[in-house]
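Engineer: Pasting the sequence and the predicted coordinates here, then a few questions.
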Amino acid sequence: MEPPQHPVGPLPAADPAKAADRSPLIAQIEEAPALLRQALRGLGEAQLSTKYKNWTARQIVNHLADSHVNSHIRFRWALTEDNPTIKTYNEGLWSELPDAKAGDLEPSLRLLEGVHGRWVRLLKAMTDDDYNRTFTRPDGSVASLARSLGIYAWHGRHHTGQILWMRREHGWD
């Protein structure tokens with residue numbers, strides 16, 4: 001069976017404008033590392049080398065660490081500078097680097113846990129005005145921190161969902 005494009009559904013279109021809307025998203029970011037660890041439980045080398053579309057399970061995990069480190073830094077820039085222009089990165093090329101394609105996943109899982117721990121502490125302390133702060137992408141588009149919160153809460157679920165889909169589809173449970 002062809003893997004679904006969005007195993008946990010598409011990215012929600014609405015921005016979390018109210019604090020009550022942000023709380024569940026912050027909780028999703030907080031629990032993401034543990035849910036990813038659980039999804040990886042018991043997988044061996046062959047499973048970690050299995051592709052979901054164009055990335056292996058190992059590359060997906062390393063991508064999450066790379067992506068969420070970058071997002072955490074973008075939040076910090078937007079909170080300390082007036083609408084900074086961020087630097088993007090080529091996630092496809094990063095996923096082809098040797099450390100993303102082979103080796104133990106424990107360093108990436110610990111990195112994700114550490115970044116999420118700091119990030120959640122920051123997210124919980126942010127005010128409504130903080131969530132309205134923005135950054136500019138190199139293409140000129142502007143993103144609010146509220147929108148970014150929704151994107152990254154979904155992003156962790158999305159990639160963990162890919163691994164869970166592979167577990168079910170391949171009978172790895």
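Structural biologist: Perfect, thanks for sending it. Predicted model, so just to flag it, every value in this text is computed and none were measured.

Engineer: got the contact list for stretch 61-75?
Structural biologist: 32, 36, 40, 55, 86, 89, 91, 94-95, 99-100, 105, 108-109, 111-112, 115-116, 118-119, 122-123, 135, 145, 148, 152, 155-156, 159, 163 (CB atoms under 8 Å, 6 or more residues apart in numbering). Quick note: C-beta positions are derived from backbone N, CA and C, even for glycine.

Engineer: and stretch 18-29, what's its mean pLDDT?
Structural biologist: When pLDDT is averaged over stretch 18-29, the result is 94.

Engineer: so how far is it off the chain centroid?
Structural biologist: Centroid separation between stretch 18-29 and its chain, computed with CA atoms, centre = their mean, to the nearest Å, is 15 Å.

Engineer: Can you show me the helices along the chain?
Structural biologist: Here the chain has its helices, by DSSP state H, at 19-40, 45-48, 57-80, 91-94, 98-101, 106-125, 128-131, 145-170.

Engineer: Export the fifth one to CSV, keeping only CA atoms.
Structural biologist: Listed next in CSV are the C-alpha coordinates belonging to helix 98-101 (Å, rounded to 0.1, in the frame of the first residue of the first chain):
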residue,chain,number,x,y,z
PRO,A,98,26.1,10.6,6.8
ASP,A,99,24.9,11.2,10.4
ALA,A,100,21.3,11.3,9.2
LYS,A,101,21.5,8.1,7.2
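
Engineer: Pull the distance from that helix to the chain's centre.
Structural biologist: Its chain's average C-alpha position is 18 Å from that of helix 98-101, according to CA atoms, centre = their mean.

Engineer: what's the answer for the second one, then?
Structural biologist: Counting by CA atoms, centre = their mean, helix 45-48 is centred 21 Å from the centre of its parent chain.

Engineer: Likewise for the fourth one?
Structural biologist: Computed by CA atoms, centre = their mean, the separation of helix 91-94 from the middle of its chain amounts to 14 Å.

Engineer: follow-up on the earlier one: take the contacts of stretch 61-75 and, keeping just the buried ones, write it as a ChimeraX select command.
Structural biologist: Those of the contacts of stretch 61-75 that count as buried under 16 or more other CB atoms under 10 Å are selected in ChimeraX with:
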select :32,36,40,55,86,94,95,100,105,108,109,111,112,115,116,119,123,135,145,148,152,155,156,159,163
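
Engineer: Out of the helices of the chain, which gets nearest to G9?
Structural biologist: helix 145-170 (8.4 Å; CB to CB).

Engineer: Show me what that closest one is packed up against.
Structural biologist: Applying 3 or more CB pairs under 8 Å, 6 or more residues apart in numbering; DSSP states H and E, one finds that helix 145-170 contacts helix 19-40, strand 51-52, helix 57-80, helix 128-131.

Engineer: what comes up buried for the first one?
Structural biologist: For helix 19-40, burial by neighbour count (16+ other CB under 10 Å) applies to 22, 25-26, 28-33, 35-37, 39-40.
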